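**Q** The sequence and its predicted three-dimensional model are supplied below.
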Amino acid sequence: ASYRKGSSPCAFPNDNYVRSILEDPVGQLWLSHTDGISMYQPGKDCFFNIHIEGVTICAMDADPDGSIWAAGTNQSLYLIDAKQKKLVAEYPGPDFLKTHVYALCSDANSDDLWLGTMENGVVRFDKRKRQFVESISTEDGLVGNVIASLLMDRRDRLWVGTESGLSCFDPASRSFTNFN
């Protein structure tokens, strides 16, 4: 099968540059791009497009309840209700965010969502309180401030891929192990 962009409700998004792909807990595929976010429903063989004005979405993460978190080029964090297929909240970033977000990672054992930025290190967002909490950068021990990838491991450590190497951050002890 081949899908083309167009104006039908099930059409592929108008932007072919897919920035990230995410599978949610119920098996739906989410694509991020310069027009916003699209959800592909394999059973219905259909795309559902959610337009977000003025931002290229670069990173997404899913909560166990199916909520989708998204961020990109405008210093805001977005919450998508996957069941209703709509944007439900925008959280404008604080002064310490000031840059694009290229990676997102939830901590399954806390309410933390980690954001990897283009030049300001890692930012922590508390999902329960719905607020940005802190920024962690090279000044704190991170090996680099340009973040490409994030992963929370089974031991609750945050692995951070940067332009200068790899950092392993232990939030409990606030310590870093750097590989570069």
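**A** Happy to help now that I have it. Numbering: from 1, shown residues only.

**Q** Is it correct that F132 is in contact with R124?
**A** Yes - using C-beta atoms under 8 Å, F132 makes contact with R124 at a distance of 7.4 Å. The C-beta positions use only the backbone N, C-alpha and C, and glycine is treated the same way.

**Q** Tell me the spacing between the residue lying closest to I136 once chain neighbours are set aside and Y91.
**A** Excluding the flanking residues, the one nearest I136 by C-beta to C-beta, 6 or more residues apart in numbering is V122, at 4.7 Å. Using C-beta to C-beta, to the nearest Å, V122 is found at 16 Å from Y91.

**Q** neighbour count winner among those two?
**A** V122 (24 against 18; other C-beta atoms under 10 Å).

**Q** who are the neighbours in contact with the more buried one?
**A** For V122, the contacting residues are 114-116, 135-137, 142, 147, 150, 158, 160, 169, by C-beta atoms under 8 Å, 6 or more residues apart in numbering.

**Q** if you set the cut-off to 10 Å instead, what comes out?
**A** Each residue near V122 by C-beta atoms under 10 Å, 6 or more residues apart in numbering is listed here: 103, 105, 114-116, 134-137, 140, 142, 145, 147, 150, 158, 160, 162, 167, 169.

**Q** cool, and F125?
**A** F125 touches 69, 71, 77, 91, 93-94, 97, 104, 106, 111-115, 131-134, counting by C-beta under 10 Å, 6+ apart.

**Q** and the helix or strand where it lies, how far out from the chain's middle?
**A** Using DSSP states H and E, F125 sits in strand 122-126. Remark: strand 122-126 is offset 11 Å from the chain centroid, using C-alpha atoms, centre = their mean, to the nearest Å.

**Q** Could I get the average pLDDT for it?
**A** For strand 122-126, mean pLDDT rounds to 96.

**Q** Give me the angle between the helix or strand just after it and strand 122-126.
**A** The helix or strand immediately downstream of strand 122-126 is strand 131-136, counting by DSSP H and E. Here strand 131-136 points in a direction 160 degrees away from that of strand 122-126 (axes from the mean of the first three to the mean of the last three C-alpha atoms, to 10 degrees).
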